[in-house]
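Trainee: Attaching a predicted model along with its sequence, questions to come.
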Amino acid sequence: MPHTTPTTPSPSPTTVTDVVIVGAGPTGLTLACDLARRGTCVRVIERFDVPSVASRGKGLQPRSLEVLDDLGVADEVLTRGVTKLPVRMITDDGTVIDREPITVPVSDPTTTAYPETLWISEFDVEGPLRDRLALDGVHVEFGTAAIDIEQQADFVDVRVDGPDGPETIRARWVVGADGGRSTIRHALGVAFDGFTMHDRWYLGDVRLEGLDHGRQYILPTSHGMIGLTPLPTTDLWQWQSTTEAGDDAEPPSLELYQQLLDDHLGKDRVTLKEATWLSLYRANVRLADHYRVGRVFLAGDAAHAHSPAGGQGMNTGIQDSWNLGWKLAAVVQGADPALLDTYELERRPIAASVLEMSTDKMHTFRAGATGGAEGVDRGLDGMGGDDTTGLSLRYAPNPLSLDDQPAVRAPYATGLRGHGFAGSTFDLLRGPHWTVFVFSDDPEDMRALEAAPADVHVHRIGAGAIEDSQGHAASRYAPAHDAVALIRPDGYIAARRPVSAAADVLAHVRSVVAEVVPA
């Protein structure tokens, strides 16, 4: 036998970047898009070899659509979804009941450009976000798994295994957006306390014959329900059904799902042709103890796991990223790293509230689902509310607010007209900048804001400037005329002050993003 000399494996190559995002779902992609458009060097790695084709989340709430609007992908996303989906219930005795589409009512639909929930599969949200990311020259690195991380004082080494073999990525900051079983959360040793719901659900994406693809079907059964939701832009349906069997439930299969349909509707009424994804699911309700450990952050399902009721998982993750992105980019460009402490301070209480809300809604729906068609109706009607839309969520007073007031979402107001401009407040807010609205008829009130940094856009709303013909902007933003409103890059109001205190507003921006240099 020939003699061989043991060799020491060569070390994996090391590359350097500002931020590594682990996970390329809606959470990771939203964050990557926001960072990349701000000039931050970012890499996005995803352990799966190809983009997901499973529907998973299937609803975008109004606040998430506002985020996607700011990124410039809302129009494309809207073409892939549907806002009004008629519902047909078919009871086990064959009774057909048509009901109004399932919606999440907005208290005042005029305060948002997107007043309705959009039914859409998760992969149809990810596609436009990947396209947006590519505009800034960043592409998801599929088939690249994070193996481990090692933190130092000034950087984090992320050891990955990709198509070209092992690699070490040295980043200033790392974000784990890698789902409920997060590798990053486990590497950090962050507790993920909570509980697992008793009920198990059959899920999946199927192709079938026998139903109208233009409506959603709810089939109340003796033990719960079967739900079939058409996925726009595809010939697929998302399957959701309850099971009483608990841990003894049969493994999911096309044959089992067909039998469940036949038992309810009768044989040969609806025929399942194919399944592209099947799962037996039990909801976890969990919250990470911390969202930040040193230079590493958690976002989306890596930080919080929800009941599916109210469609909150994907939406809460998108809004996590929207809160973190501008702060992370500012720190990369020179702001005080203490700014990043406000991410957990603001977002973790929101997740805790959403967990409680979605769990309550799940219990309400499950109780209704066992009560026949009338019970299902009551359960569906209990899914709505301003808390579900994301529009009413606010952040408790903290150093980002100039006033000792909660930070509330900047509302939508249309009917604005000025020289070279016609549109809404969102048209003025769209982009990676801070915004100041000056509600005044006197051009001299702009003098105190002439020294605004380049990343602060100042607009006077009043006579001779941008005119608020319907008065909606003034009534929603300003406590009185001759006032200024400061809006953060993530669309939350940081201050409302008299025009005489306009200089204080600029000083506050400088204190938050002190020492920021151009990207």
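Mentor: Received, thanks. Numbering: from 1, shown residues only.
Trainee: Ala351 is in contact with Val285, correct?
Mentor: No: between Val285 and Ala351 there is no contact under Cβ atoms under 8 Å: 10.8 Å. For the C-beta atoms, the positions are set from N, CA and C on the backbone; glycine is no exception.
Trainee: Those two: which is more packed in?
Mentor: Shown here are Val285 and Ala351; by other Cβ atoms under 10 Å, Ala351 has more neighbours (24 against 18).
Trainee: And that one, how far from Glu344?
Mentor: Distance of Ala351 to Glu344, given as Cβ to Cβ, to the nearest Å: 10 Å.
Trainee: ok, now Arg417?
Mentor: Arg417 is 41 Å from Glu344, where distance means Cβ to Cβ.
Trainee: So for these two, which residue has more residues nearby?
Mentor: Set side by side, Arg417 and Glu344 show more neighbours around Glu344, with 19 against 11, by other Cβ under 10 Å.
Trainee: tell me the contacts of that one?
Mentor: 290-292 (Cβ atoms under 8 Å, 6 or more residues apart in numbering).
Trainee: and it, what element?
Mentor: Taking DSSP states H and E as the definition, Glu344 sits inside helix 341-369.
Trainee: and that helix, average pLDDT?
Mentor: Averaging pLDDT along helix 341-369 gives 77.
Trainee: For the stretch 301-450 of the chain, which segments count as strands?
Mentor: Along the stretch 301-450 of the chain, counting by DSSP state E, counting those that start in this stretch, strands occupy 304-305, 394-395, 407-408, 416-418, 421-423, 434-439.
Trainee: how far does the third one sit from the chain's center?
Mentor: Spelled out, it's strand 407-408. When C-alpha coordinates are averaged (Cα atoms, centre = their mean, to the nearest Å), strand 407-408 and its chain have centres 18 Å apart.
Trainee: Just give the strands next to it in its sheet, each with its orientation.
Mentor: Sheet pairing for strand 407-408, assigned by DSSP bridges, gives strand 394-395 (antiparallel).
Trainee: Off-centre distance for the partner strand?
Mentor: The chain centre lies 16 Å from the centre of strand 394-395; the measure is Cα atoms, centre = their mean.
Trainee: which outside residues touch it?
Mentor: Defining contact as Cβ under 8 Å, 6+ apart, one finds that strand 394-395 is touched by 346, 350, 401, 406-409, 492.
Trainee: Columns neighbour count and distance to Ala171 on top of the residues you listed, output as JSON lines?
Mentor: Shown next, in JSON lines, are the contacts of strand 394-395 (neighbours: other Cβ atoms under 10 Å; distance: Cβ to Cβ, whole Å):
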{"residue": "Glu346", "neighbour count": "23", "distance to Ala171": "23"}
{"residue": "Ile350", "neighbour count": "19", "distance to Ala171": "26"}
{"residue": "Ser401", "neighbour count": "21", "distance to Ala171": "30"}
{"residue": "Pro406", "neighbour count": "14", "distance to Ala171": "33"}
{"residue": "Ala407", "neighbour count": "24", "distance to Ala171": "29"}
{"residue": "Val408", "neighbour count": "14", "distance to Ala171": "33"}
{"residue": "Arg409", "neighbour count": "20", "distance to Ala171": "31"}
{"residue": "Tyr492", "neighbour count": "21", "distance to Ala171": "27"}
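Trainee: Which pair of those residues spans the longest distance?
Mentor: Maximum pairwise distance in the contacts of strand 394-395, criterion Cβ to Cβ, is 15.5 Å, between Ile350 and Ser401.
Trainee: closest to Arg47 among the contacts of Glu344?
Mentor: Tyr291 (21.6 Å).
Trainee: Tell me, how many residues neighbour Ser469?
Mentor: Using other Cβ under 10 Å, Ser469 has 10 other residues around it.
Trainee: what residues are up against Ala146?
Mentor: Counting by Cβ under 8 Å, 6+ apart, Ala146 makes contact with 22, 45, 47, 158-160, 178, 183-184.
Trainee: ok, which pair from these is furthest apart?
Mentor: Among the contacts of Ala146, Arg159 and Asp178 lie farthest apart (Cβ to Cβ), at 14.4 Å.
Trainee: between the two, who's got more neighbours?
Mentor: Comparing Arg159 with Asp178 by other Cβ under 10 Å, the one with more neighbours is Asp178, at 28 against 17.
Trainee: who touches the residue lying closest to that one once chain neighbours are set aside in this structure?
Mentor: Leaving aside its chain neighbours, Asp178 sits nearest to Gly23 (3.7 Å; criterion: Cβ to Cβ, 6 or more residues apart in numbering). Shown in contact with Gly23 (Cβ under 8 Å, 6+ apart): 45-46, 176-179, 182, 300, 302.
Trainee: what do you get for Leu65?
Mentor: Leu65 touches 74, 77-78, 113-114, 118, counting by Cβ under 8 Å, 6+ apart.
Trainee: Roughly how far does it sit from Gln333?
Mentor: According to Cβ to Cβ, Leu65 and Gln333 sit 28 Å apart.
Trainee: And Asp154, by the same measure?
Mentor: Noted for Asp154: a distance of 16 Å to Gln333, by Cβ to Cβ.
Trainee: With neighbour numbers in mind, choose between the two.
Mentor: Under the neighbour definition other Cβ under 10 Å, Asp154 and Gln333 were set side by side, and Gln333 has more, 18 against 8.
Trainee: mind listing the helices for the stretch 51-200 of the chain?
Mentor: Assigned by DSSP state H, counting those that start in this stretch, the stretch 51-200 of the chain shows helices spanning 62-71, 74-79, 123-135, 183-188.
Trainee: Packed most tightly, which of these would that be?
Mentor: Of the helices of the stretch 51-200 of the chain, the one with the most neighbours on average (mean count of other Cβ atoms under 10 Å) is helix 62-71, at a mean of 24.
Trainee: So for that one, mean pLDDT?
Mentor: For helix 62-71, the mean confidence score works out to 97.
Trainee: Next: stretch 430-437.
Mentor: The model assigns stretch 430-437 a mean pLDDT of 97.
Trainee: roughly how far out does that stretch sit from the chain middle?
Mentor: Distance, centroid of stretch 430-437 to centroid of chain: 21 Å (Cα atoms, centre = their mean).
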